[in-house]
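Asks: Only the shape, not the letters, is given here:
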């Protein structure tokens, strides 16, 4: 490696050509970065005290030692974003220069020194060659041809920005020229024989945009290959995958997709900022390495296609597309590992299309029912990442239904009774999925779906806190209580195109007026035309009606008891045969017995799924696995919390780290409890271990 400081313009002038390899990301600077570059250039140009402005490094690979006379193109490892942005700025400036305003700054010199190689033909005629769509757009600009219709959006947008800024100087271009002449880079030349470009690429943290996990993965896969192999893989698989995501979608969604892909393949959920490291570990796995890079890239492309169909609206099957739209409206990104597996089996004809559709609706029902029942979502990541392991591919749908029905309490599939009860009483107007559930109730079973966005949500009993007298009489003497309790519930909500006309009119007028409920074509308004009085009883009756419809729209899995029993894990003997009598320190009258008797019921009350198991040497309190174990001692209760010590928040410093130390009990955290006054604080520590288990310890990775 050889690094030297250089004037950016002189560096461009003496270098024959910069080529962006196909494994590099596309041009991605936004308006923000370009405006920052512009501001930096003008500040340097207007301030004589500034002799230079550093804009980062340009790292490239050369064949041998650097020679100015060499005509070999320089393969850029880092610096593409700055080189491209400065090129766009120079092109914009060249179009507005009249003569040589500042020495070296004429349209002819800018173009022939920094934008073009005037004595060369073909691709060699350009100072900077980008990749794919970016290449066609940039070459069109520097040749001053019309941009291609399917060209790079970022190239076009940023050139338009720079040209507008140049025009905004109103002919005072000297500061811009002076500022450009002060730009400085670090010229970093790598020797292919001595340097490892991939390691250097990974370690860079330049002044440009931070490298995404997608950038790192693409470079890791392609950089080390021979050029012909590299080009083949890129053209056959990676480039079509990028096109599938779209120019903006690739940068926005590929990292998330890859995280879901790796979850499917490994069963572990990578941290959002460690996807690249997880991909490298997966690539080095014996079976993946044996299959080869071509098989890996082809597999990634296939799953990317599934993801784009589901997450980006690329599905062509109408019914599947509608199901994916509904799932997107629910914002269930955590379900994508399972959805990717289902889609792969559908695509490879392991899962029938109709069963796939039913599976999608089943997952939708599970997520929406839990949301209505206000069940915490922090366990969903782990649920969806592991449920695929329990599927029996020869009885696909049945095994999925059973898996969902057998989930424990905090992961449960809410029953019809629980769902209906919560649906009728909950504030659904201020629920974030309002348009979703209204659309689903309206459109279930319809071949021609109603576009509910054309309608507004109508409160049949008005929202106005100062209800007109007619409404107060309609609701009865307890009108204030009814208004407060029922206003935003499902029984009082509907859709209409006449919201402004309805206003606070009495119910009878809303019902009978032109466009009123009696004449509405919407399913949600069926039956309102025959209601004579809109009071608490009418609201409750309609809530029951809609709740009965809801359990048909968001169905619960139905399996015979005998079938479900076949999927239920075989019960293992949990009765240990031990009791408190086997713990001498908890004998009646001993000091720790009273403390234990106070702590015990509070531990069991932490969650309905927490149970007690008395072992020979400790007493365990479990959800799915041990949360806390108690070892009774003469002068204290020694508690073992089942969680990593660094994750515990313990401001009083009551706990200690017992990682790798031999102790009875499970977990890396030890807490000593001696007095009843410390019970509330200790329960707070135990609750952290419980919540970590319920959320599977991955909340921070989402």
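Replies: Arrived safely. No experiment lies behind these values; they were computed from the predicted model shown.
Asks: how about the strands in the chain?
Replies: Secondary structure of the chain (DSSP state E): strands at 2-7, 18-19, 53-62, 74-78, 128-129, 183-191, 456-459, 493-496, 611-614, 619-622, 626-632, 637-641, 655-657, 669-673.
Asks: helices or strands up against the fourth one?
Replies: Strand 74-78 makes packing contacts with strand 18-19, strand 53-62, helix 197-203 when contacts are defined by 3 or more CB pairs under 8 Å, 6 or more residues apart in numbering; DSSP states H and E. To be clear about C-beta, it is placed using only N, CA and C from the backbone, and glycine gets the same treatment.
Asks: swap in the longest one?
Replies: For strand 53-62, the packing partners by 3+ CB pairs under 8 Å, 6+ apart come out as helix 31-46, strand 74-78, helix 80-94, strand 183-191.
Asks: In contact with the nearest residue to residue 74 once chain neighbours are set aside, which residues are there?
Replies: Leaving aside its chain neighbours, residue 74 sits nearest to residue 60 (4.1 Å; criterion: CB to CB, 6 or more residues apart in numbering). If a contact means CB atoms under 8 Å, 6 or more residues apart in numbering, then residue 60 has 18, 74-77, 79, 188-190 as its contacts.
Asks: and residue 60, what pLDDT?
Replies: Listed pLDDT for residue 60 reads 86.
Asks: ok, it to residue 79 distance?
Replies: 7 Å (CB to CB, to the nearest Å).
Asks: Residue 119 now?
Replies: Residue 119 is 25 Å from residue 79, by CB to CB.
Asks: Which one's more surrounded, those two?
Replies: Ranked by neighbour count (other CB atoms under 10 Å), residue 119 and residue 79 place residue 79 first, with 26 against 8.
Asks: Confirm for me that the more buried one is in contact with residue 59.
Replies: Yes. The pair residue 79 and residue 59 passes the contact test of CB atoms under 8 Å, sitting 6.1 Å apart.
Asks: and residue 316, what are its phi and psi?
Replies: phi -100, psi -20 (degrees, to the nearest 10).
Asks: and it, how far is that from residue 308?
Replies: 11 Å.
Asks: follow-up on the earlier one: redo the strands of the chain as TSV? Include distance to residue 431.
Replies: Output for the strands of the chain, formatted as TSV (distance: least, CB to CB, whole Å):
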stretch	distance to residue 431
strand 2-7	57
strand 18-19	53
strand 53-62	47
strand 74-78	47
strand 128-129	52
strand 183-191	53
strand 456-459	11
strand 493-496	10
strand 611-614	33
strand 619-622	34
strand 626-632	32
strand 637-641	36
strand 655-657	39
strand 669-673	38
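Asks: of all the ones you listed, which lies closest to residue 177?
Replies: strand 183-191 (11.4 Å; CB to CB).
Asks: nearest to residue 454, of the helices and strands packed on strand 53-62?
Replies: Closest approach to residue 454 among the helices and strands packed on strand 53-62 (CB to CB): helix 31-46, 33.4 Å.
Asks: what does the closest one contact?
Replies: With contacts defined as CB under 8 Å, 6+ apart, helix 31-46 is touched by 50, 52-53, 55, 81-82, 85-86, 88-89, 157-158, 161-162, 165, 174-180, 182-183, 208-209.
Asks: Could you rerun that using 6 Å?
Replies: Applying CB atoms under 6 Å, 6 or more residues apart in numbering, the external contacts of helix 31-46 come out as 50, 53, 85, 158, 161, 165, 175-176, 178-180, 182.
Asks: Got a quick PyMOL command for the buried subset of the residues you listed?
Replies: Only the buried members of these end up in this PyMOL selection, burial being decided by 16 or more other CB atoms under 10 Å:
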select buried, resi 53+85+158+161+165+175+176+178+179+180+182
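Asks: Without its sequence neighbours, what residue ends up closest to the spatially most central residue of the chain?
Replies: Central residue of the chain (CA atoms, centre = their mean): residue 256, 5.5 Å from the mean position. The shortest distance from residue 256 to any non-neighbouring residue, by CB to CB, 6+ apart, is to residue 333 (6.9 Å).
Asks: Please spell out which residue in this structure sits farthest from the middle.
Replies: In the chain, the greatest distance from the average C-alpha position (CA atoms, centre = their mean) is reached by residue 589, at 55.9 Å.
Asks: and it, how far is that from residue 633?
Replies: Noted for residue 589: a distance of 16 Å to residue 633, by CB to CB.
Asks: picking that back up, so which of the contacts of helix 31-46 comes closest to residue 471?
Replies: Once CB to CB is applied, the member of these that ends up nearest residue 471 is residue 161, at 55.1 Å.
Asks: need the contact list for the closest one.
Replies: residue 34 are the contacts of residue 161 under CB under 6 Å, 6+ apart.
Asks: what about the helices in the stretch 601-702 of the chain?
Replies: 679-694 (DSSP state H, counting those that start in this stretch).
Asks: count of neighbours near the nearest residue to residue 616 once chain neighbours are set aside?
Replies: Spatial nearest neighbour of residue 616, excluding adjacent residues (CB to CB, 6+ apart): residue 578 at 5.4 Å. When neighbours are defined as other CB under 10 Å, residue 578 has 15 of them.
Asks: so residue 578 touches residue 617, yeah?
Replies: No. Counting by CB atoms under 6 Å, residue 617 is not a contact partner of residue 578; they are 9.1 Å apart.
Asks: Ignoring the adjacent residues along the chain, who's closest to residue 683?
Replies: residue 602 (5.8 Å).
Asks: From residue 260, how far off is that neighbour?
Replies: For residue 602, the distance to residue 260 equals 39 Å [CB to CB].
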